[in-house]
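[1] I would like the atomic coordinates for the input below:
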Amino acid sequence: MRLEGYIEHVIYHNENGYTVFVLMSEEQEITCVGSFSSLSEGEYLELEGAYKVHPMYGEQFQVESFRSLAPKDMLAMERYLGSGAVKGVGAALAARIVRRFKEDTFRIIEEEPERLAEVKGISEKKAREIAVQVEEKRELHQAMLFLQQYGVTTGLAVKIYQKYGQSIYEKIKKNPYQLADDIEGVGFCTADEIARRVGIHQDSDYRVRSGILYTLQQAAGEGHTCLPGERLKDQAMELLEVPRETVEKHLMDLYVERKLVRRMLPDPAYTGMREDEQREIPFFYGAGYYHTELNVAAMLCALNQPMEELDRRAEEKMRRVEDYSRIHLEEEQRKAMAEAVKNGLLIITGGPGTGKTTTINTIIRYFEAENLEILLAAPTGRAAKRMTEATGYEARTIHRMLELSGSPDQGGNRAVFQRDADNPLEADVVIIDEMSMVDLYLMQALLKAILPGTRLILVGDVNQLPSVGPGNVLRDVIGSGVFPVVRLSRIFRQAAQSDIIVNAHKINQGERVALNNKSRDFFFLERQDPTVVARVVLALVQEKLPRYVEAKPFDIQVLTPMRKGALGVEQLNIVLQRYLNPQSPDKEEREHGNGLFREGDKVMQIRNNYQMEWEVRNRYGLAVDKGLGIFNGDMGLIRQINTFAETMQVEFDEGRLVTYDFKQLDELELAYAITIHKSQGSEYPAVVIPLLGGPRMLMNRNLLYTAVTRARSCVTLVGSKEAFENMVGNESEQKRYSGLARTIESYLSAQMSGLS
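    Next comes the predicted model:
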């Protein structure tokens, strides 16, 4: 259906373009809703769409597309000019302009703008300013129409126009793949669809080169910083549907132009074999990932310097710390404290119950007695909170410690921090916990903010799953063999009373675990039918475990290996939402994609958003703290859904309130059940793990170990004993391609060669 008229009144408009306005069409006032970059009262529009009935606000015209027209009568011209759309022109001046030029008003503005000076109150300079503003608005609307024919949404069209201006037409028709490099929100697939509509050939140089780089970007999304050459070629061929020789040609062109880096690294098929049996094959990096690895290697080596001799005086101080803390350190823990005193860089790794917390505490006490400034941090809010509780010292997220600025980098997908090489952290000792979660880019940002001469202590469990982001930092730093590493392996007596901890270590070592349910905190309920497993999981979360561990149902976390299938995240969340947070007239809802959000739902942020604002409010509703950044894995509760303003308010850990526009809801998903990967760094009173089977590469020891160690008081596994035992016996982890360990070795060798 088509409507035409001028905007009588804009009711609501937000930064994402969602707009509610009243259109005056043929003497009727019609409420319209849609996505618009900017609208002004008085603007004359032609709309296409359909009438829909909103449950609260009644009949509305849902706009699907639009175009801006020149006002068709004198009244519409006067309304538009006097609406505030043109800066410096109010209602009275607009009336004088239209009275002077009548139906010719807009032709005069566009073709003879100097004549506006004929109107009282308009100088020649102001006449030119009015003409420029009207022309800019006209150009924007023309660009929007041009982009819409290629399937570009309004919000994205505005970003593209702001980037390119009038060169947009040449850019789109010549190389739309440039958009994927320049503009956040435009990926290869979007650019490829635009290119298809423009008529660019499948084997276009621009397309193939962009597709190769996109393949590496997709690999980064799976945690890789590089790919073996043959795998990169295979994946690019599948994506682009072009011959192998075409991919190979452009691969080498990108290498020559230094947009890719080629390195010889150990063949993954030969890892674990004797050194003389290993071989190397070519790997390819996007240039950015290679230089980031190189930067991290260089900064780690710069921090790795001797700090002080471990003389009698230092040993005496260490003994005094033990006596004062009333702690008897085991040999491994004492070694960790000694290495922390001696070295600028130290890695401490160990599983649950091996005394990592006690070790950190004694190290803190030692440096505190030396009057050194100490900073503690962890990758997530939950991990930082646990660190604070365990040490008695304030720990912050790494992002907050580095003072996230809210402005992403030029690519729009990584954070920019106030703390860096020009404004380093004011600390003598920096201790980072849960290091297995730190990806390559966060590691680079952290190291930039630490001056050589500052002690850096990295603590984590190397057997945990690696970070969600690209890289395998903790494992690579240890694997390089360059830096001091202390491995804590002894399970302490108190920890040994927990079957969660004992069985976690058995799983990690591939030993048999007794599934006899004689434990107080580790249970296995054997069920073979997926429907029955789902019912048991629901009963555990809803009724049994809250009483057993004295927690709320929402505190019990379901962890599952997969997203798809009867026992995957997507299906389990539908079931758990239905019973844990049922539909009610008192709860607003919002459908999104194939799912539904409801007030009271448990949700998770599924991508980093460095510009998202949050605030903490007191009981009077006043903001007492504000900040930026909500990150992949942050969990919260939906507090309010406003269907009129099209916003949803979520409360995350520590009372951080965030308001999402409905267009941002793809950043959230239900979190009654989450993948084991997403649980990294978190700890829950109890976890429930459904296990029936899945792909062998996914159902491995590493994944099971991570899931079990997320529980504080109780683990309950539901499913097949065979699936459990197969996971314990399956050492094959999903391979993560990264060259950091080799880069560290190479960098150090080059430094030593330069000194000799």
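[2] Tell me where the model's unsure across the stretch 1-150 of the chain.
    15-16, 37-38, 72, 83-85, 140-141, 144-145, 148 (pLDDT under 70).
[3] counting contacts, what elements does the strand or helix carrying residue 142 pack onto?
    Secondary-structure assignment from DSSP states H and E places residue 142 in helix 124-148. The contact analysis (3 or more CB pairs under 8 Å, 6 or more residues apart in numbering; DSSP states H and E) places helix 124-148 against strand 58-69, helix 105-111, helix 154-164, helix 168-174. For glycine as for every other residue, the C-beta is placed from the backbone atoms N, C-alpha and C.
[4] Just the CA coordinates for the last one, please, in PDB.
    Once side chains and other backbone atoms are set aside, the C-alpha atoms of helix 168-174 remain, and they are given as PDB (Å, rounded to 0.1, in the frame of the first residue of the first chain):
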ATOM      1  CA  ILE A 168      29.300   6.200  -2.800                       C
ATOM      2  CA  TYR A 169      28.000   5.600  -6.400                       C
ATOM      3  CA  GLU A 170      31.400   4.900  -7.800                       C
ATOM      4  CA  LYS A 171      32.400   2.800  -4.800                       C
ATOM      5  CA  ILE A 172      29.300   0.600  -5.000                       C
ATOM      6  CA  LYS A 173      29.500   0.000  -8.700                       C
ATOM      7  CA  LYS A 174      33.300  -0.500  -8.900                       C
END
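[5] helices and strands around that helix, which ones?
    helix 124-148, helix 154-164, helix 178-182, helix 188-198.
[6] Export the ones you listed to CSV and append columns for distance to residue 744 and mean neighbour count.
    Shown next, in CSV, are those (distance: least, CB to CB, whole Å; neighbours: other CB atoms under 10 Å):
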stretch, distance to residue 744, mean neighbour count
helix 124-148, 46, 16
helix 154-164, 38, 19
helix 178-182, 30, 19
helix 188-198, 32, 18
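[7] In JSON lines: those helices, plus distance to residue 662.
    Listed next are the helices and strands packed on helix 168-174 as JSON lines, based on distance: least, CB to CB, whole Å:
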{"stretch": "helix 124-148", "distance to residue 662": "21"}
{"stretch": "helix 154-164", "distance to residue 662": "12"}
{"stretch": "helix 178-182", "distance to residue 662": "25"}
{"stretch": "helix 188-198", "distance to residue 662": "20"}
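[8] Does residue 627 have any beta-bridge partners, and if so which?
    On the basis of DSSP bridges, residue 627 is bridged to residue 614.
[9] That one touches residue 614, doesn't it?
    Yes - if you go by CB atoms under 8 Å, residue 627 and residue 614 touch, sitting 5.7 Å apart.
[10] Contacts only, for the residue nearest to residue 54 when sequence neighbours are not counted.
    Leaving aside its sequence neighbours, residue 54 sits nearest to residue 60 (CB to CB, 6 or more residues apart in numbering; 5.5 Å). Residues in contact with residue 60 (CB atoms under 8 Å, 6 or more residues apart in numbering) are 20, 31, 32, 33, 51, 52, 53, 54.
[11] for the residues you listed, which one is nearest residue 203?
    If you rank the contacts of residue 60 by distance to residue 203 using CB to CB, residue 33 comes first, at 43.0 Å.
[12] residues in contact with that closest one?
    Neighbours of residue 33 in contact, by CB under 8 Å, 6+ apart: 18, 19, 20, 60, 61, 62, 63.
[13] now for the residues you listed, which pair is the farthest apart?
    18 and 61 (14.6 Å).
[14] So the residue nearest to residue 54 versus residue 381, what's the distance?
    Distance check for residue 60 against residue 381: by CB to CB, to the nearest Å, it reads 39 Å.
[15] do the same with residue 160
    From residue 160 over to residue 381 the distance is 35 Å, taken as CB to CB.
[16] Pull the contacting residues for the residue lying closest to residue 200 once chain neighbours are set aside.
    Nearest residue to residue 200 in three dimensions, chain neighbours excluded: residue 207, at 6.4 Å (CB to CB, 6+ apart). Applying CB under 8 Å, 6+ apart, we find residue 207 in contact with 177, 192, 195, 200, 201, 240.
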